[in-house]
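Peer 1: what would the 3D arrangement of this be:
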Amino acid sequence: MLQNLSASFLLFCLFLSCTNTNKNETVLQQPFDEIGIEGKPEYLNSPFVTAGNRTYLVGHQNGSFPELGWHIKGEMGGLWNHPIKLADGFEIIAKVNGHEQNLNNAERFVNYPFYNEHLFKWTKENLKFKRKQFVPDDIEGLVVILEIENTSLDKQNIELNFNTQSDLRPTWLGERTNMQDGNDVAIYNQDIDGFIIKDDKNAWFLTVNSDLKSTTNSITQNTYSGKGANFSLSYQVPLEPLEKKEVHFFLAGSYTHKKNAITTLDSLETNWKKFFTIKQNRYQKLASQSKLSIPDTSLQKTFEWLKYNCDWLVRTVPEIGSGITAGIPDYPWWFGVDSEYALQGYMAIGQKDAVYNTIKLLDSVSRETNNNGKIIHEMSTNGAVFNPGNINETPQFATLIWRIYQWNGDKEFLIKYFPTVQKGLQWLLEENDLNNNGFPEGFGMMEIHGLDSEMIDVAAYTQQAFTAAAKMAKELNKPELAVLYEQKAQSLKDKINNEFWSDEFNSYADFIGTDMQAQHLIEDAIVRADTLNKPWSVKELQSLSEYIKDHPSKKARPFVLHHNWVVNTPMEVGLADSTKALKALETAKKYRNPFGMFVTGIDRDNSAGANENNFVPPKLFSYTGAVMTLPTGVQAIAENNYGRADNALDYLKRMTRTFSYALPGSMYEVSPDYGMIVQAWNIYSFAYPIVHQFFGVKPQAQNKQVLIQPQMPSAWNNASLEQIVMGDGANEVSVYYEKKDNQVTVRVTQTNPEWEIVLFPSNKMETIDKMSKHSKWDKTKKRLTSNEKEVCLTYTEKQL
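Peer 2: This is a model prediction of the structure:
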């Protein structure tokens, strides 16, 4: 890491004829191992995750392992090795002088990018404990490190009991693949000086031991629900006055063979330090890619940690595949639409392996399940597909493939996945557009019962898909198909602006449907709004119902009913004409709170429209009335599409208020502290507006070209984004931005001079002041081009 920092520092200090050094560029970050974030005392009784791509651990920040989660009720915590669970948890009990202390009530919790710490004090016995745990890459196991400190001037002899609660059981939908849970049988094994646990119906194993020699072992009564086993290993740890000592515990599993579990256990004990270093080095690389430096340190830290969060969500099951999962703890499996949003962000932060693996998995499983281009919605880690697909996944897959191709420029990638895109678009219109008006019918992002007619998000994403497909067809030399797709895209753009728009509400409609469909939905929505005590919603819905009765229509028509966030997707994809877009963006402000956008507008509460954090948590959590990061990110992207960078930044700041709100270093699915403790699509909500829009980075890897057109918020006078990887590592680009008064300097560096940098000034440019040598200014297109490793442009903007 120090080597990387030094290289960056030298780059920062290079003298440029057209610019002064950015003030932010001389500030060295903290060493990587000092960037832990301490949690809040009030959230010690809430979840944390120790992440790995094969194995992960979920418990509470106080060090305990309660039964938590709802997908498999009470079973989503503990130690998982998908497609099975290994253990409900473990506990460490210290005994001194006839007294004992269970280390399950930590007074502090600190989260690091790839490991965690729980800190305990036993003041009466002059002892401190620090429990750390981490999961090595590609390993079916967990390492637990207990540091014990004797703060007294007397020698102490401590007895440690390491108690494990096994629970070898199948993942969600296990019954669909004949995964039958048996009873766990625990047997002490002298060869490993630990326990080997087997499910009596399956070749599922858990092994546990330590690098200390045990003194006793025992099997105790299971205190968790399920068919697990409890067992304990005891150790003696002598401590000299003021001495610190570490003890290491290892848990390893396998869902195929006992030998594999034992081999992994031995490897953990022998190589855990090496595994730690390997993971640390990999995370340092994650940190260095797309490294953001801005005046807003809170947002900067959020962006950095979202890169770590992305890695936490990678799940690998070799027999099935590898890919990003939606969220932890209740969605630790694979999704179509979640991935289609998130992977655009993953690519922008350089995590390309996760992108390719996930696309490969989604494509292969979708072909096996549907074989018509339709992309699945959700599948468990045992291969069971829960939902073969809603309507929106299929067009969003097309857009994803085009955008990834712009990053990698790999024609073989495009050739491989274009057939799925082509079949999917054919399926979309031939089997789902029953009235042949260009709008597919069916569920989109809003999973509200009955809301499956012609949805605005499906329409918008379908238009975006045909636009992307036309460009792919051109790349693959299919001109007739490209023209056909272009025509469909333009037709949809016109129809959406004409047929989905409501002048009365200054908003795009939620859906187009019949009067009967609308009345049924209104009835349900009134019950929902009344239950939530939203009298304004009830009044508006009743008024709409009366209007429909008084002005009946035999034809389907648009309805603004729920004020769902998806009404903003026409601005997200940029198809809305500017007049409608600006009105709709202002309307959307009514349906946000200090943390972001309400998922369903009729659920908004008294915090709606507020700018200050006056959040009062409800007594019981429900997804009803939720504010989520995805709708908020979509709104930021939409604002940027229409030149409103300050408004976009406002939405990012709202989301940033939820960073470390409950789990330090993470951002919950539902703002500020509900649902999943880490969520994949958060990276779309940040990386797309920051990388693509604020810094204006638009790779054209297929042409060995990168377009740069910064659109900075007015508060960012100094900003940089370094080591943006494109072309699968063929080029790394860095962008440095500085503004003094009305003079703007943009400097771009690249590692590969075979690529062309195309730099556009802002549309407010008045005069060019300075430019790099060996660069060319195109007066007609108002852009600077260069094949040098560095290009710089200084210009003066018009005063507004």
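
Peer 1: please enumerate the strands of the stretch 601-750 of the chain.
Peer 2: Taking DSSP state E, counting those that start in this stretch to define them, one finds strands in the stretch 601-750 of the chain at 627-628, 678-679, 697-700, 705-708, 718-726, 731-740, 743-750.

Peer 1: packing partners for the longest one?
Peer 2: Right, the one you point to is strand 731-740. strand 705-708, strand 718-726, strand 743-750 (3 or more Cβ pairs under 8 Å, 6 or more residues apart in numbering; DSSP states H and E). C-beta: built from backbone N, CA, C; applies to glycine.

Peer 1: the last one now?
Peer 2: When contacts are defined as 3+ Cβ pairs under 8 Å, 6+ apart, strand 743-750 packs onto strand 705-708, strand 731-740, strand 756-759, strand 790-797.

Peer 1: with respect to A460, which of those strands lies nearest?
Peer 2: strand 705-708 (23.9 Å; Cβ to Cβ).

Peer 1: outside of stretch 118-134, which residues touch it?
Peer 2: 50, 52, 57, 61-63, 92, 94, 96-97, 99, 101, 103, 105-110, 114-117, 142-152, 154, 156, 158, 276, 279 (Cβ atoms under 8 Å, 6 or more residues apart in numbering).

Peer 1: now, of those residues, which are buried?
Peer 2: By neighbour count, with 16 or more other Cβ atoms under 10 Å, those hold 50, 52, 57, 61-63, 92, 94, 96, 101, 103, 106, 108-110, 114-117, 142-146, 148-151, 156, 158, 276, 279 as buried.

Peer 1: picking up where we left off before, distance to R747, mean neighbour count and mean pLDDT for the helices and strands packed on strand 743-750 - can I get that in JSON lines?
Peer 2: Output for these, formatted as JSON lines (distance: least, Cβ to Cβ, whole Å; neighbours: other Cβ atoms under 10 Å; pLDDT from 0 to 100):
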{"stretch": "strand 705-708", "distance to R747": "10", "mean neighbour count": "20", "mean pLDDT": "98"}
{"stretch": "strand 731-740", "distance to R747": "4", "mean neighbour count": "21", "mean pLDDT": "98"}
{"stretch": "strand 756-759", "distance to R747": "9", "mean neighbour count": "22", "mean pLDDT": "98"}
{"stretch": "strand 790-797", "distance to R747": "4", "mean neighbour count": "21", "mean pLDDT": "95"}
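
Peer 1: out of the ones you listed, which gets nearest to P672?
Peer 2: Comparing the helices and strands packed on strand 743-750 under Cβ to Cβ, the one sitting nearest is strand 731-740, at 30.6 Å.

Peer 1: what's the offset of the closest one from the middle of its chain?
Peer 2: 25 Å (Cα atoms, centre = their mean, to the nearest Å).

Peer 1: what angle do strand 718-726 and it make with each other?
Peer 2: Between the axes of strand 731-740 and strand 718-726, defined by axes from the mean of the first three to the mean of the last three Cα atoms, to 10 degrees, the angle is 170 degrees.

Peer 1: columns distance to H551 on top of the helices and strands packed on strand 731-740, output as JSON lines?
Peer 2: Converted to JSON lines, the helices and strands packed on strand 731-740 look like this (distance: least, Cβ to Cβ, whole Å):
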{"stretch": "strand 705-708", "distance to H551": "48"}
{"stretch": "strand 718-726", "distance to H551": "52"}
{"stretch": "strand 743-750", "distance to H551": "53"}
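
Peer 1: which of the helices and strands packed on strand 743-750 sits closest to W80?
Peer 2: Using Cβ to Cβ, those put strand 731-740 closest to W80, at 35.5 Å.

Peer 1: so what's the residue count around Q426?
Peer 2: 12 (other Cβ atoms under 10 Å).

Peer 1: excluding chain neighbours, what is closest to it?
Peer 2: In this structure, Q426 finds its nearest non-sequential neighbour in G373, 6.5 Å apart by Cβ to Cβ, 6 or more residues apart in numbering.

Peer 1: so what's the one you found up against?
Peer 2: S366, T394, T420, V421, Q422, K423, G424, L425, Q426, W427, L428.

Peer 1: any weak-confidence spans in the stretch 551-700 of the chain?
Peer 2: For the stretch 551-700 of the chain, the stretches flagged by pLDDT under 70 are 606-622.

Peer 1: rerun that using 50 as the cut-off
Peer 2: Scanning the stretch 551-700 of the chain for pLDDT under 50 picks out nothing.

Peer 1: what's the first-to-last distance across stretch 223-235?
Peer 2: End-to-end distance of stretch 223-235: 22 Å, with Cα to Cα, to the nearest Å as the criterion.

Peer 1: buried ones in it?
Peer 2: Y224, G226, K227, G228, A229, N230, F231, S232, L233, S234, Y235.

Peer 1: just so I know, which of the helices and strands packed on strand 731-740 lies nearest I415?
Peer 2: That would be, of those and by Cβ to Cβ, strand 718-726, which comes in at 19.7 Å.

Peer 1: what does that closest one rub up against?
Peer 2: Contacts for strand 718-726 (Cβ under 8 Å, 6+ apart): 8, 11, 22-25, 288-295, 348, 350, 352, 407-408, 690-691, 694-695, 697, 699, 701, 706, 712, 731-739.

Peer 1: for PyMOL, what selects the buried ones among the residues you listed?
Peer 2: Remark: buried members of these, expressed as a PyMOL selection using 16+ other Cβ under 10 Å:
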select buried, resi 8+22+24+25+288+289+290+291+292+293+294+348+350+352+407+408+690+691+694+695+697+699+701+706+712+731+732+733+734+735+736+737+738+739
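
Peer 1: now L582, nearest residue through space, not along the chain?
Peer 2: L582 sits nearest to Y642 (Cβ to Cβ, 6+ apart), 6.4 Å away.

Peer 1: can you list the weak-confidence ranges in the protein?
Peer 2: 1-17, 19-30.

Peer 1: S543 and N564: what is the separation?
Peer 2: With the distance defined as Cβ to Cβ, to the nearest Å, S543 ends up 19 Å from N564.

Peer 1: ok, T656 next?
Peer 2: Counting by Cβ to Cβ, the gap from T656 to N564 is 24 Å.

Peer 1: same question, E75
Peer 2: Following Cβ to Cβ, the distance that separates E75 from N564 is 32 Å.

Peer 1: swap in R604?
Peer 2: For R604, the distance to N564 - Cβ to Cβ - is 12 Å.
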